[in-house]
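S.K.: Sequence and computational prediction follow.
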Amino acid sequence: MGVNDVEAVLRALPSIGLRYRAHDEAARVLARWLQQQPAIAQVLHPALEGAPGHAHWKALCGAAQGGQGAAAGLFSVMIDARYTQQQVDAFCDGLRLFKLGYSWGGPMSLVVPYTIASMRSRPSQHLKPGTLVRFSIGLEAVEDLRRDLQQAMERAFPAA
């Protein structure tokens, strides 16, 4: 790590709590909205009741003691198995505000599709069939992100 990297970290530290809460709040809004979308078989967000790992998250993140708990801006969805990998790729490519990428927690929203078979020899028993798409929610306006997700789903998954 160079001097400029250290300077950037020190400059960012005072606002880290504000940014983390903004990521968390926007991700929860979008995750709840995505639960209602017909193309989405499952939303994997630790703060959502019924999501795999919810009880574990609740115990570790303070929600068990009556607080809200924090979950940051990272979550995944399972796109329904009736859609092809090409349609899932078209969905991700059709997003205008989300960039394709693997770096999480920054100011820009990111998306990346995964093929679970390439990552695991046995799929999790908690996952519904489909294609996994991971989101990292940035600091853009949540309504703009929702509209972006909606327009990309309408194009990639017609008559869902």
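M.R.: In hand now; what should we look at? Numbering: from 1, shown residues only.

S.K.: This protein: strands as residue ranges?
M.R.: According to DSSP state E, the chain carries its strands in the segments 40-44, 74-80, 99-100, 110-114, 130-136.

S.K.: Mean pLDDT added to those, as TSV?
M.R.: As requested, these are exported to TSV (pLDDT from 0 to 100):
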stretch	mean pLDDT
strand 40-44	95
strand 74-80	94
strand 99-100	94
strand 110-114	91
strand 130-136	93
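
S.K.: Let's have those in JSON lines, adding distance to Gln151 and mean neighbour count.
M.R.: In short, each C-beta sits where N, CA and C put it, glycine included. Listed next are the strands of the chain as JSON lines, based on distance: least, CB to CB, whole Å; neighbours: other CB atoms under 10 Å:
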{"stretch": "strand 40-44", "distance to Gln151": "15", "mean neighbour count": "21"}
{"stretch": "strand 74-80", "distance to Gln151": "16", "mean neighbour count": "21"}
{"stretch": "strand 99-100", "distance to Gln151": "16", "mean neighbour count": "14"}
{"stretch": "strand 110-114", "distance to Gln151": "14", "mean neighbour count": "18"}
{"stretch": "strand 130-136", "distance to Gln151": "16", "mean neighbour count": "21"}
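
S.K.: Those strands: which one's closest to Met153?
M.R.: strand 40-44 (8.4 Å; CB to CB).

S.K.: CA atoms only for the closest one - export them in PDB, please.
M.R.: This file holds the C-alpha atoms of strand 40-44, laid out as PDB (Å, rounded to 0.1, in the frame of the first residue of the first chain):
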ATOM      1  CA  ILE A  40     -37.000 -13.800  -9.600                       C
ATOM      2  CA  ALA A  41     -37.200 -17.300  -8.000                       C
ATOM      3  CA  GLN A  42     -35.400 -16.300  -4.700                       C
ATOM      4  CA  VAL A  43     -33.800 -13.300  -3.100                       C
ATOM      5  CA  LEU A  44     -30.700 -14.100  -1.000                       C
END
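
S.K.: Run the angle between that strand and strand 74-80 for me.
M.R.: Counting by axes from the mean of the first three to the mean of the last three CA atoms, to 10 degrees, strand 40-44 lies at 160 degrees to strand 74-80.
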